[in-house]
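Colleague: Structure of the sequence below:
(4 chains)
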Amino acid sequence: MTYTFKIKDKVFSVEIEQEKDQTVVKINEEGRPVEFEKIDDYIYSIIVDGKSLTIGVLKNGNNIQVFMDGDLFEIEAISERDQMKSSQVLSGVQEIKSPMPSRVVKILKEIGDEVDADEGIVVVEAMKMESELKSPIEGKVTDVLVNEGDAVEAGNTLLIVSSD
Amino acid sequence: MTYTFKIKDKVFSVEIEQEKDQTVVKINEEGRPVEFEKIDDYIYSIIVDGKSLTIGVLKNGNNIQVFMDGDLFEIEAISERDQMKSSQVLSGVQEIKSPMPSRVVKILKEIGDEVDADEGIVVVEAMKMESELKSPIEGKVTDVLVNEGDAVEAGNTLLIVSSD
Amino acid sequence: MFKKILIANRGEIAVRIIRACKELGATTVAVYSDADRKSLHVALADEAYHIGGSAPAESYLVIDKIIDVAKKSGAEAIHPGFGFLSENEKFAKRCEKEKIVFIGPSAEAIRLMGDKITARNIAQEAKVPLVPGSDGAVSDVEAPLVADKIGYPVMIKASAGGGGKGMRLVRNKEDFESSLRMAKSEARSSFGDDSVFVERFVEEPRHVEIQIIADTHGNTLYLFERECSIQRRHQKVIEEAPSPGISAKTRKKMGEVAVRISKAVNYSGAGTVEFIMDQKENFYFLEMNTRVQVEHPVTEMITGFDIVKWMVRIANGEKLPFKQKDLSINGWAVECRVYAEDPETNFMPSPGLLHYVKAPTGPGIRDDSSIYSGYEVTSFYDPMLSKLVVWAESREAAIDKMASALKEYIVLGVKTNIGFLIRVMNNDVFREGKLDTGFIEKHPELLTAGEVDIEPAIIAAALAVGNAEESTGSDKGPQSNWKLLGRKAGLSGGTLI
Amino acid sequence: MFKKILIANRGEIAVRIIRACKELGATTVAVYSDADRKSLHVALADEAYHIGGSAPAESYLVIDKIIDVAKKSGAEAIHPGFGFLSENEKFAKRCEKEKIVFIGPSAEAIRLMGDKITARNIAQEAKVPLVPGSDGAVSDVEAPLVADKIGYPVMIKASAGGGGKGMRLVRNKEDFESSLRMAKSEARSSFGDDSVFVERFVEEPRHVEIQIIADTHGNTLYLFERECSIQRRHQKVIEEAPSPGISAKTRKKMGEVAVRISKAVNYSGAGTVEFIMDQKENFYFLEMNTRVQVEHPVTEMITGFDIVKWMVRIANGEKLPFKQKDLSINGWAVECRVYAEDPETNFMPSPGLLHYVKAPTGPGIRDDSSIYSGYEVTSFYDPMLSKLVVWAESREAAIDKMASALKEYIVLGVKTNIGFLIRVMNNDVFREGKLDTGFIEKHPELLTAGEVDIEPAIIAAALAVGNAEESTGSDKGPQSNWKLLGRKAGLSGGTLI
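Modeller: This is a model prediction of the structure:
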């Protein structure tokens, strides 16, 4: 079975094979024998060429969170169909969503305002801290869906920015 | 729903009811309101009359192990059919089983030997320690199923003692 | 000793206090909000009472509800922990009125130190050096004029503030207005009071604080200093004791100054006098926190003195059994606050379900936490998961131990700052003790994992995906090969089950 | 420092050593048997190599396999831990031959102290008091005659023994023969050598031992004593430091005697000189353990001295940086060994799957363990689950802390001695420090839970049974009511999901 994984911008093709008495994992065609054991629902112990690693894996659909030595790596499992789509660059219509349940403190842009990529467009407060959400693209604010003071849930769309 | 539980020699009848907005647990007809939450697959947080308790429960068929303040209580859930049977006293034919994977070090009784209740009848070794297994009843050894030096699994019958 | 003590708090500090009270032989009473039914403080306390909604204003901040539970349960004393009602003068007064012992200083001491302006005046009278600034709260019109007078960079601070809330650094004039607005808005939502003051910003400042312990018999001692310069969002992340860059002379001077301020308000219990310090060991009074501090464990580790137990004993009228000269520093302690937050997006909180937690243990390691596998971090409270504290014979050994311990910490389900903390421990500038509160801003490379060998992560992901397909068995086609492999792997040591 | 160190052990001591080596900057190499693939020492080490079957004789005891891994991995040194090859003269010699540093004393010191008879002779020469007994191993015929001569009660001990294996107390003549047989049989299976000796049994004896640390530059120091009198099956269960019942004078005398014996064999590294002591502080040499001891943490907690790290440093040629006069005792430490065993059936081992584990944490608490939720305790190795160690300012405070901490420990899936340990902590005789190795036998009431309020356990069982029926939904009849209840309960705070 071959998997295609995307981490940040890099794409890896991964294959798991059984050769003689050992499991071989091929990453981008390069194989290495892997000895592995599932310790817990989420924890894998992996020994590669003597090196022992304990790695946490949390799978949610195509999103895989891998915890290793204190860092969390977000891996996207890409199906063949997805791979075709992913050539698309980050543009078009972007929804600015609340990453957590929070309160809208300040809306910094109005409909029609031009925004740069990484420019702050709305300030939300959660867990007693204010955070500025930024536009992922250069474009224009095409819609503002909340008011200052609104309580919003995780995933609620706050504003829409369009590069067109 | 009513349950019948046996702990050591005591039998308790337990009923769980919903009265108005609270859960009421009746033990031997006496009810008390219980506020409870399942913390984990095995852990219950229970608040009874303000008292907070954290209790571990492991269920295996009719055997329930309850861990509370460092002690493990073995509770037997008795169905109505079992309740009829349980009037039977500890007697008849008793199989002496190995409680864990171990090695038979010494067989202390032969077929036909008389044994007292709590008298040692076989010595096994596991985890580098020798343990003497005792007869639960007074009676006669009717069968010896292993030889000294044998490796046995947990649950293997080693000897049989009969009170008849 | 009190027979029964109510702990008016939640999370790790409630757990810390419950443990201390139990060890002192007292029965412990927890209170909890809707969101906290499954929290560890509820499970560990002897008694637990529900006090309302998840928002602090509906539960932990409601004086009447806390007092009701104290009366209902028969608690003789209340430990407020930190945050919530811990520095609330009204609450301390109410306890007094209800004849319940408030484990902390007098309501008067809380009042005097609670207002930054008053505290500044007291410090001034006690001849404690102060940072130049506005003489009290200033209007929106006055504020920029004061800033012009004392010279940029300046700090805008909420009068009722603390913990970095309602605080803004302004480096140049153009940014002043927007920063003032943000500071006031945060001050209003955090403290219900938007008055602010302005003062000079000390360049490359360090945050050094003195732990005070005072009994009700006139003994006021300092338990040395804590270095708390590693901050993000104006909140401490890494603390240590002692401080790597202060001389014995400065230590003594700061300690004596801190004792002087404490005595000026007749302080009793545990308190912390915070100072800002420049790179030449000049220090200025910042504020006094009239409660136990988040970072109190590092002081406990280098002194062997249990601050929380002594807070309870002092409230019970006990006398400190030693003098300043009996106290000394033993070894080195470092604390890392493990947060559910994302260092890559300016440490934005990351609430969620903790699917799996494994904390480090072993010699010299103390984990003050209230998390467990299956615990949910909600957005109602501070996203701190754990205070990991280590002790060793030297600073270098303590940092080595912390780096090792952090690498053992596993938290799955939310983003955490663990990787970031490991990188700080391995950073040369940090190891050399060249600290200031701008450390994190100066080292953005610590925020991301950087160039690490990602292959093991990819292998683990592949195994997990294969395993999930295997166990659901949703697809009988291409997976059959994998299933076979699973069985074979099982025979040869690896297993997919 | 060594770049790479192999740890030739398993379980918690392997984990302890791995942590120490990592903190010293060394790469760690683990070895594991079939049964240990999922053990924590494999997960925590930087490298891990499989060395054979689950039985120790197929893996951890096979010198060739350990040496092979050391060579393959490029390890410069081997730490043997305790048990297994730690006191094996041949292994130490082989390391020497292969130019791999054995982290421990010389092969010669191991040999001299490894044989009880030789050790006894060395002690005699060093003018150390000895318990009267047979002059070396005795035949089956001689043995009862020696016993008659020195007078009952007597102890039969395996010449090659240790840790209580192959040891039997005989109180009267009639039992001698059967005890001799049992002792020899255990000695044969444990050590492959069934020779035994006989000595007088000291009434109400206490087991007190001295921790020794010696570098290769002629410095031999004692790190004070440990009290290890609470034993079951002749194995220690609870240890503390310092000992509650010894005077400063006796402490000094024992320490100096221990240093004398160590110097007699040119000892280097960490070692323990064990004594038997009567209730009047008369002490007799028992044996010297030429390795790190299970209970070393209590000494570490009262001295701040990291024994395992110093074993490594000493093997690396480093010099101890202090003298005897620089050492002092700070506070009190207690260790409880948490075992998978059943106190009600003479502490019979209870292997099995640990469905759930939650260890206590917090100030002054150290949990040296290698268990986790999902770990399986096999019957191949010692059933010790954890060494729970606490430190506090006094013995009373340490015992209070231990009792509290033990109450937080949750282990589901096997029988454990946790409840028993809690009862010992709360026992008045134990609290008064009136200890002897017969303590457990004298207090059979501590073995069972006794009269406790069983109601919460019954409630929890009922909730769990109801919940299981709810989630399987196997019976649609009488459970429908319960399901409804579950939903209602969910609304009112309780939940069944």
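Colleague: what residues go with each domain of the chain?
Modeller: Defaulting to chain A. Chain A breaks down by automatic domain parsing into domains covering A:2-84, A:90-162.
Colleague: Chain C was what I was after
Modeller: Annotated domains of chain C cover C:4-103, C:132-200, C:206-447, C:456-496 [automatic domain parsing].
Colleague: which stretch among those domains comes nearest residue A:2?
Modeller: Minimum separation from residue A:2 across the domains of chain C (Cβ to Cβ) falls at domain C:456-496, 9.0 Å. Placement of C-beta: from N, CA and C, glycine included.
Colleague: what is the rounded mean pLDDT of the closest one?
Modeller: Averaged across domain C:456-496, pLDDT comes to 55.
Colleague: ok, now stretch C:3-16?
Modeller: Average pLDDT, stretch C:3-16: 98.
Colleague: I'd like to know if it reaches chain B anywhere along the stretch.
Modeller: No. Stretch C:3-16 stays clear of chain B (Cβ under 8 Å from any Cβ of the partner chain), getting no nearer than 10.9 Å.
Colleague: for the domains of chain C, which one sits closest to residue D:217?
Modeller: Nearest to residue D:217, of all the domains of chain C, is domain C:206-447, at 19.7 Å by Cβ to Cβ.
Colleague: Residue A:109 touches residue A:141, doesn't it?
Modeller: Yes. Counting by Cβ atoms under 8 Å, residue A:141 is a contact partner of residue A:109 at 4.8 Å.
Colleague: Mean pLDDT for the domains of chain A - can I get that in a markdown table?
Modeller: Below are the domains of chain A laid out as a markdown table (pLDDT from 0 to 100):
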| stretch | mean pLDDT |
| --- | --- |
| domain A:2-84 | 90 |
| domain A:90-162 | 86 |
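Colleague: As a markdown table, the ones you listed with mean neighbour count and distance to residue D:21 would be great.
Modeller: Shown next, in a markdown table, are those (neighbours: other Cβ atoms under 10 Å in any protein chain shown; distance: least, Cβ to Cβ, whole Å):
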| stretch | mean neighbour count | distance to residue D:21 |
| --- | --- | --- |
| domain A:2-84 | 17 | 14 |
| domain A:90-162 | 17 | 39 |
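Colleague: follow-up on the earlier one: which of the domains of chain C has the lowest average pLDDT?
Modeller: For the domains of chain C, where the average pLDDT is lowest is domain C:456-496, sitting at a mean of 55.
Colleague: which secondary structure element contains the residue sitting nearest the centre point of chain C?
Modeller: In chain C, the residue lying closest to the centroid (Cα atoms, centre = their mean) is residue C:294, at 3.5 Å. Under the criterion of DSSP states H and E, residue C:294 resides outside all helices and strands.
Colleague: would a markdown table of the domains of chain C with distance to chain A be doable?
Modeller: Listed next are those as a markdown table, based on distance: least, Cβ to the nearest Cβ, whole Å:
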| stretch | distance to chain A |
| --- | --- |
| domain C:4-103 | 9 |
| domain C:132-200 | 6 |
| domain C:206-447 | 3 |
| domain C:456-496 | 4 |
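Colleague: Mind putting the ones you listed into JSON lines with distance to residue A:133?
Modeller: Converted to JSON lines, those look like this (distance: least, Cβ to Cβ, whole Å):
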{"stretch": "domain C:4-103", "distance to residue A:133": "22"}
{"stretch": "domain C:132-200", "distance to residue A:133": "15"}
{"stretch": "domain C:206-447", "distance to residue A:133": "9"}
{"stretch": "domain C:456-496", "distance to residue A:133": "28"}
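Colleague: quick one, which of those is nearest to residue A:31?
Modeller: Smallest distance to residue A:31 across the domains of chain C (Cβ to Cβ): 11.3 Å, for domain C:456-496.
Colleague: residue boundaries of the strands in the stretch 301-450 of chain C?
Modeller: With DSSP state E, counting those that start in this stretch as the criterion, the stretch 301-450 of chain C has strands at C:332-339, C:341-342, C:348-349, C:352-353, C:356-358, C:365-369, C:376-377, C:384-392, C:410-412.
Colleague: so does the first one get close to chain D?
Modeller: Right, the one you point to is strand C:332-339. No. Strand C:332-339 does not reach chain D (Cβ under 8 Å from any Cβ); its nearest approach is 10.9 Å.
Colleague: do the same with the fourth one
Modeller: No. Among the residues of strand C:352-353, none lie within reach of chain D under Cβ under 8 Å from any Cβ; the closest is 13.8 Å away.
Colleague: Walk me through which strands that strand pairs with, and which way each runs.
Modeller: Here strand C:352-353 has these sheet partners by DSSP bridges: strand C:376-377 (antiparallel).
Colleague: Residues contacting stretch C:227-234, please?
Modeller: Around stretch C:227-234, the neighbours that count as contacts under Cβ atoms under 8 Å, 6 or more residues apart in numbering or on different chains are A:129, C:163-164, C:167, C:205-209, C:236-245, C:295, C:343, C:346-347, C:424, C:430, C:435-437, C:439-440.
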